[in-house]
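In: give me coordinates for this.
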Amino acid sequence: AGVEGSRADVGSSTPSTTAEAHARAMAKQILKAFNLDNSKTFRPKKLHVVGTKRYELHKFAQSTLGAGNLREAVALPKGEDVNEWLAVNTVDFFNEISLLYGTVAEYCTQESCPVMSASQRFEYMWADGVNVKKPIPVSAPEYVDLLMTWVQNQLDNEEIFPTRIGVPFPDNFHEICSNIFRRLFRVYGHIYHSHFEEIVNLQAQPHLNTCFKHFVYFVYEFNLIPNKQEMAPMQEFIDELMANDEVKYGRGQA
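Out: The predicted structure is shown next:
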């Protein structure tokens, strides 16, 4: 399967020291719980600036994850702006996937993973529509590096993910987020199909499964991957996760 292009924009942001401390504390808790190595985080954590609306939404999103029912956790909070909710969750899922991939990055090499794939049936080529307009074959680690850089550049761009009060989101913001989620999904697909044994050895599969299920519920809630063929590499497992939640929470509540 090829990859459509999308613009990659460059920008920067400077998070506060308090936000950095909060992020480090949160990361340590996750790493300690699942025996993960903090040095293996694939990308520096993208932080929400303390005191902003987005930071408050981030805190709310984190607090709801402990409730158990992830379908309820992903729903737009009453009275909140959908673009702000999409923005804060895009950042959080980016951070989460960066950490998860970081745990297996040493096993994902050009030799072991010469193509970016999610099973033998699904292979992905890279294009960003700007620097690389025609899709090119790259190894899995190269693909993930290019992808995470492409996402990071958009998250840092104030014209795409504005953090200043009164600055509007672009009219096509949902489409931008959709393209990001569509590609981040492929990292999950690659981890499950190519590195699940390493995840099991690290005893991190419960965390991986929970993160992936949270990601899928958010995608479903906001129709972020409308082309269901994109989810085909993981559809059987997704159906199993959803079925388990239906048993636990009831149909339509999971």
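In: pull out the buried positions in the lengthiest helix in the chain.
Out: Assignment by DSSP state H gives helix 173-201 as the longest helix of the chain. By neighbour count on 16 or more other Cβ atoms under 10 Å, the buried set for helix 173-201 is 173-174, 176-195, 199. No exception for glycine: its C-beta is placed from N, CA and C like everyone else's.
In: for it, the distance to its chain's centre please.
Out: 7 Å (Cα atoms, centre = their mean, to the nearest Å).
In: which parts of this structure are helices?
Out: 17-34, 53-64, 70-74, 82-104, 140-155, 173-201, 205-221, 235-249.
In: lowest mean pLDDT across these, which one is that?
Out: Mean pLDDT per stretch puts helix 17-34 lowest among the helices of the chain, at a mean of 42.
In: how many other residues sit next to residue 80?
Out: Here the count is done by other Cβ atoms under 10 Å, and residue 80 has 14 residues near it.
In: how far away is it from residue 124?
Out: 34 Å (Cβ to Cβ, to the nearest Å).
In: contact partners for residue 169?
Out: Contacts here follow Cβ atoms under 8 Å, 6 or more residues apart in numbering; on that basis residue 169 touches 83, 87, 161-162.
In: out of those, which one sits closest to residue 142?
Out: residue 161 (25.1 Å; Cβ to Cβ).
In: which residues does the closest one contact?
Out: Applying Cβ under 8 Å, 6+ apart, we find residue 161 in contact with 87, 90-91, 154-155, 169.
In: show me just the buried residues among these.
Out: 87, 90-91, 154-155, 169.
In: what's near enough to touch residue 121?
Out: Here residue 121 is in contact with residue 233 (criterion: Cβ under 8 Å, 6+ apart).
In: any idea how far it is from residue 160?
Out: Using Cβ to Cβ, residue 121 is found at 33 Å from residue 160.
In: residue 79 now?
Out: 24 Å.
In: those two: which has the busier surroundings?
Out: For residue 79 versus residue 160, neighbours defined as other Cβ under 10 Å are more numerous around residue 160 (20 against 5).
In: I figured that one hits residue 151, correct?
Out: No. Shown here, residue 160 and residue 151 do not form a contact pair, counting by Cβ atoms under 8 Å, at 10.7 Å.
In: skipping its backbone neighbours, what lies nearest residue 117 in space?
Out: Counting by Cβ to Cβ, 6 or more residues apart in numbering, residue 117 lies nearest to residue 123, which is 4.7 Å off, once chain neighbours are set aside.
In: I figured the one you found hits residue 114, correct?
Out: No. Assessed by Cβ under 8 Å, residue 123 is found out of contact with residue 114, at 10.3 Å.
In: list the buried ones in stretch 97-114?
Out: Quick answer for stretch 97-114 (16+ other Cβ under 10 Å): 97-105, 108, 113.
In: what's the answer for stretch 233-240, then?
Out: If you call a residue buried by 16+ other Cβ under 10 Å, then stretch 233-240 has these buried ones: 233-234, 237-238.
In: can I get that stretch as PDB, trimmed to CA atoms?
Out: Taking C-alpha atoms only, stretch 233-240 is exported to PDB below (Å, rounded to 0.1, in the frame of the first residue of the first chain):
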ATOM      1  CA  PRO A 233      -3.700  -5.400   9.300                       C
ATOM      2  CA  MET A 234      -5.100  -5.200  12.900                       C
ATOM      3  CA  GLN A 235      -8.900  -5.600  12.300                       C
ATOM      4  CA  GLU A 236      -9.200  -9.200  13.700                       C
ATOM      5  CA  PHE A 237      -7.400  -8.100  16.900                       C
ATOM      6  CA  ILE A 238      -9.500  -4.900  17.100                       C
ATOM      7  CA  ASP A 239     -12.700  -6.900  16.800                       C
ATOM      8  CA  GLU A 240     -11.500  -9.200  19.600                       C
END
